[in-house]
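# My questions concern the predicted model and sequence given below.
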Amino acid sequence: MYQQPSRISVAIPVSRYGSQDRMASMYWHAKQFAIVYSAILATILSTRAFTQSVEEQAVLAPIHAMFDGMSKRDAAAIRAPTLPGGTMVLMRDGKPTQMTFEAFADRVGKPGNALIEERIHDPLVRIDNDLAVVWAPFDFLVDGKVDHCGTDLFNLVRVEEKWMIASVADTGRKDCPTQTAVSPQSMKVLGEVDPRFVSYNVEAVEVTGGRFWAPYKSAAQKAAAAGSNTHSGNQPAGLDSSLFQYRPPIDLSNSKLRKLAAALGPAYVRVSGTWRNATYFQNNDDPPLKTPPEGFNGVLTRAEWKGVVDFAKAVNAEIVASVTTSAGTRDANGVWTAVQAEPWLDYTQQIGGHIAAIEFMNEPTLLSFGGVPKDYDAASYGRDAKIFGAFLRRESPTTIYLGPGSAAKGLPLPSMPGAPRFEIVSTDDLMKATGPIFDAFSYHFYSMPSHRCLGESGADPKQVLTSEWLDRDLTVYNFYAKERDTYLPGKNLWLTETGEGSCGGDTWAAQFADSFRLLDQFGSLSQKSVKSIMYNTLASSDYGMLVEETLEPRPNYWAALLWKRTMGTRALDPGLAPAKNVRVYAQCMKDSSGGVTLMVLNMDKASETLLKLPFAGERYTLSAPDLFGQSVLLNGRELKAEPDGTVPIIQGEASKPGAMTFPPLSITFVEMPSAGNGQCVR
């Protein structure tokens, strides 16, 4: 268990031993290691645990008692939880030094003035019948400053139903991580986000059914795929047909799906995507058309759209969408008309729905995917976006008009093997053509196309925790923020579609490794006041938060849920300089007046990081047995939803003021409700 609430402290006077260094040296020479559990230690080192069972607490009780006796300088209390004849050993520079418990107790029990305090953290407990071992990193402080650090190993036996310390050993070093102090009470505001900041996409093709990104296949399966280079049905033109797989319409009435989505509320649910550009709205209750009318690639029925509206109401979500822009919506001159948008919006209002925000076209920077006429350009888009804007003001005046919804800009776009080179329309040209018609500036971001589209040219999984990979979203933000400042000064930015990689995501989009990127994106963009981030997708393909066949949550679902539960809408400056493998973010605490939540991403594969926190609170640490696995632990216990979709109680571990350790490859949220930050007072 993560034992931050019971961080063991020792206070020992130094004066009788001549000097602090001499006292520290004596203490180092006061421990022994009796048995080397190499196999046990290999297991311990590979699995971080943070939650104690009742039995584990019983094992830790004599250790608490021993340290309590040390803090009181009570030799009898120090000896009481130890096995008679037991010894202590320390390893320094490859040499062991030994001492009996009796000798140690006699020395420590003498009075003195200067204080020594030992703090163990993250104790790992292993029990086999009447034998137990406790492995715990420690910091040893002299008058409040770290003198040395290392790892304690306690071997215990159960005698007459009582656990006794049989031996103790430690390692020690002077090159301890620096304890950086943070001051949550005085952190300044950097940004403000929407209460629906963490949101998600349900692609239009999921609603209607159609060909969406296929699961990853073996080389043999890909070679055997029929019609691999042909356009097939409702899928983007120009891409290899084997990249896609048919899916029936998603069941948005599924109670498990609704429970899991509701846990992320309040949120926006965006129903759009490339497929939406060419989807026909069948405005009657007849059986679904088997073939879409000319000028369209898919069919959206009333029943399917009502399913979206009902879903949004059930899960505390507001709908974000776009409209059909393909050839079937255009007059003889190729000009867009509301022939599809009007009945769709009318029906939405008729069934009690509301479109909170809308984009005209999905990703107009990639016009070749929009189903538009061959000679369609930025000027044509500007003309049509204005027509739609005027229509929207009449039809649904409270709907936020988002635009342009640009994509594939701000970073070099790698070429896709076997695919034609897509022309990317300049966002500058789009914005010059539309003028300042949008209520807010929207854009899309993916770190890069996935291996599904790029093959061997895709990203290297070894880079997913690097600064270069994580900073790509800020690079793209800066690009679009400049566009916003030029063409829509003072307007908000919305990130309406994002994920690890486009083309359905890489395999690690479904693994714990991507949760660092996701939460770093949340932290960095909240500081920039990006109002909402709409993750793609909720439950489809590799980047889905949920496994689409079983609706089991993936790591990014749990990461998003922890953010929603702990982080408020106001981003704060943590006051810490960026470190190579550690990133720290702060927000006003959710549902707390004056409280602050800290989020610490420790991406170092081997080293812990230390922060000194001035307030008590609650700690939530996410970790994983395998960085590239789908199992996630919260304070040492696996996070799993109930079969019906009920999420477990998200409960933190109490933490005391002082130094806090953040393990390697972990994500930790620390709530400090008593921080008293005036910027967070409600």
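Arrived safely.
# contacts and neighbour counts: CA atoms only from here.
Will do.
# so how far is the helix or strand encompassing residue 309 from its chain's centroid?
Assigned by DSSP states H and E, residue 309 falls within helix 302-314. Mean C-alpha position of helix 302-314 versus that of the full chain (C-alpha atoms, centre = their mean, to the nearest Å) differs by 28 Å.
# From here on, call the first residue 284.
In the new numbering, first residue 284, that becomes helix 585-597.
# Can you give the contact residues for that helix?
The contact list for helix 585-597 (C-alpha atoms under 8 Å, 6 or more residues apart in numbering) reads 490-491, 535-536, 541, 545, 552, 564-568, 601-602, 631, 634, 636.
# Next: stretch 540-553.
478-486, 535, 594-595, 597-604, 779, 817, 834, 843-844, 847, 927-930.
# go again using 7 Å as the cut-off
Residues from elsewhere that reach stretch 540-553 (C-alpha atoms under 7 Å, 6 or more residues apart in numbering): 478-479, 481-485, 597-604, 834, 844, 847, 928-929.
# And the average pLDDT for it is what?
In this model, stretch 540-553 has a mean pLDDT of 98.
# Next: stretch 707-718.
Mean predicted lDDT for stretch 707-718 stands at 96.
# mind listing what residue 717 touches?
Residue 717 touches 665-666, 668-669, counting by C-alpha under 7 Å, 6+ apart.
# Enumerate the strands of the stretch 484-633 of the chain by residue range, in sequence order.
Residue ranges of the strands in the stretch 484-633 of the chain, as given by DSSP state E, counting those that start in this stretch, are 493-496, 527-530, 550-554, 562-565, 581-584, 600-605.
# Let's see the fourth one as CSV, backbone CA atoms only.
As requested, C-alpha coordinates have been extracted for strand 562-565 and formatted as CSV (Å, rounded to 0.1, in the frame of the first residue of the first chain):
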residue,chain,number,x,y,z
THR,A,562,-24.2,11.5,-44.5
TYR,A,563,-27.9,11.7,-45.7
PHE,A,564,-30.5,12.5,-43.0
GLN,A,565,-33.6,10.3,-43.8
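# list the helices and strands it packs on?
Judged by 3 or more C-alpha pairs under 7 Å, 6 or more residues apart in numbering; DSSP states H and E, strand 562-565 is in contact with strand 581-584.
# Report the distance from the strand it packs on to the chain centre.
The answer for strand 581-584 is 34 Å, by C-alpha atoms, centre = their mean.
# thinking again about what came up before, can you say which of the contacts of helix 585-597 are buried?
Those of these that meet the buried threshold are 490-491, 535, 541, 545, 552, 564-565, 601-602, 631, 636, by 16 or more other C-alpha atoms under 10 Å.
# Tell me the one of these nearest residue 401?
residue 545 (44.3 Å; C-alpha to C-alpha).
# Dump the C-alpha coordinates for the helix holding residue 592 into PDB.
The C-alpha coordinates for helix 585-597 follow below in PDB (Å, rounded to 0.1, in the frame of the first residue of the first chain):
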ATOM      1  CA  ARG A 585     -34.400   9.500 -37.300                       C
ATOM      2  CA  ALA A 586     -34.200   6.600 -34.900                       C
ATOM      3  CA  GLU A 587     -30.400   6.800 -34.900                       C
ATOM      4  CA  TRP A 588     -30.400  10.500 -34.300                       C
ATOM      5  CA  LYS A 589     -33.000  10.200 -31.600                       C
ATOM      6  CA  GLY A 590     -30.600   7.700 -30.000                       C
ATOM      7  CA  VAL A 591     -27.900  10.400 -29.900                       C
ATOM      8  CA  VAL A 592     -30.200  12.900 -28.300                       C
ATOM      9  CA  ASP A 593     -31.500  10.400 -25.700                       C
ATOM     10  CA  PHE A 594     -27.900   9.400 -25.000                       C
ATOM     11  CA  ALA A 595     -26.800  12.900 -24.400                       C
ATOM     12  CA  LYS A 596     -29.600  13.600 -22.000                       C
ATOM     13  CA  ALA A 597     -28.900  10.400 -20.100                       C
END
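# Most neighbours among the contacts of residue 717, please name it.
Among these, residue 668 has the most neighbours (other C-alpha atoms under 10 Å), with 24 neighbours.
# So that residue is in contact with residue 643, correct?
Yes. Using C-alpha atoms under 7 Å, residue 668 is in contact with residue 643, at 6.3 Å.
# What segments of the stretch 784-933 of the chain are helices?
796-810, 838-849 (DSSP state H, counting those that start in this stretch).
# for those, which one sits closest to residue 887?
helix 796-810 (11.4 Å).
# could you give the angle of that closest one to helix 838-849?
40 degrees (axes from the mean of the first three to the mean of the last three C-alpha atoms, to 10 degrees).
# rewinding a little: now the helices of the stretch 784-933 of the chain in CSV, with mean pLDDT, distance to residue 425 and mean neighbour count?
As requested, those are exported to CSV (pLDDT from 0 to 100; distance: least, C-alpha to C-alpha, whole Å; neighbours: other C-alpha atoms under 10 Å):
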stretch, mean pLDDT, distance to residue 425, mean neighbour count
helix 796-810, 98, 35, 23
helix 838-849, 98, 35, 21
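# between the strands of the stretch 484-633 of the chain, which gets nearest to residue 789?
Taking the strands of the stretch 484-633 of the chain one by one with C-alpha to C-alpha, strand 493-496 is closest: 11.2 Å.
# in its sheet, what does that closest one sit against?
Note on strand 493-496: by DSSP bridges, its sheet partners are strand 527-530 (antiparallel).
# OK, contacts around residue 440?
Residue 440 is in contact with 413-415, 446-449, counting by C-alpha under 7 Å, 6+ apart.
# pLDDT weak spots in the stretch 484-633 of the chain?
Where the stretch 484-633 of the chain drops to pLDDT under 70, the residues are 500-521.
# Could you list the low-pLDDT ranges of the stretch 634-783 of the chain?
Using pLDDT under 70, the stretch 634-783 of the chain drops low at 698-705.
# can you give me the strands for it?
638-642, 683-689, 723-732, 776-785.
# Any chance of CSV for these, columns distance to residue 903 and mean neighbour count?
Listed next are the strands of the stretch 634-783 of the chain as CSV, based on distance: least, C-alpha to C-alpha, whole Å; neighbours: other C-alpha atoms under 10 Å:
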stretch, distance to residue 903, mean neighbour count
strand 638-642, 33, 21
strand 683-689, 35, 24
strand 723-732, 27, 24
strand 776-785, 24, 25
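# Next, residue 345: secondary structure please.
Three-state assignment for residue 345 (DSSP: H, G, I helix; E, B strand; the rest coil): helix.
# the domain parsing of the chain - what is it?
287-459, 474-855 (automatic domain parsing).
# how much distance is there from the last one to the middle of the chain?
What that stands for is domain 474-855. Per C-alpha atoms, centre = their mean, the centroid offset for domain 474-855 relative to its chain is 19 Å.
# Straight-line length of that domain, end to end?
One end of domain 474-855 sits 7 Å from the other (C-alpha to C-alpha, to the nearest Å).
# ok so, going back, okay, the angle between the helix holding residue 592 and strand 550-554?
Using the same axes, to 10 degrees, helix 585-597 lies at 170 degrees relative to strand 550-554.
# Verify the stated contact: residue 896 with residue 944.
No. Using C-alpha under 7 Å, residue 896 makes no contact with residue 944, being 10.4 Å away.
# thinking again about what came up before, could you tell me which of the contacts of residue 717 are located in helices?
Among these, the ones falling in helices (DSSP state H) are 665-666, 668-669.
# can you list those residues in JSON lines and add distance to residue 387?
Formatted as JSON lines, these follow (distance: C-alpha to C-alpha, whole Å):
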{"residue": "665", "distance to residue 387": "82"}
{"residue": "666", "distance to residue 387": "85"}
{"residue": "668", "distance to residue 387": "80"}
{"residue": "669", "distance to residue 387": "83"}
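# Looking at these, which is nearest residue 770?
Among the ones in helices among the contacts of residue 717, and counting by C-alpha to C-alpha, the member closest to residue 770 is residue 665, at 13.4 Å.
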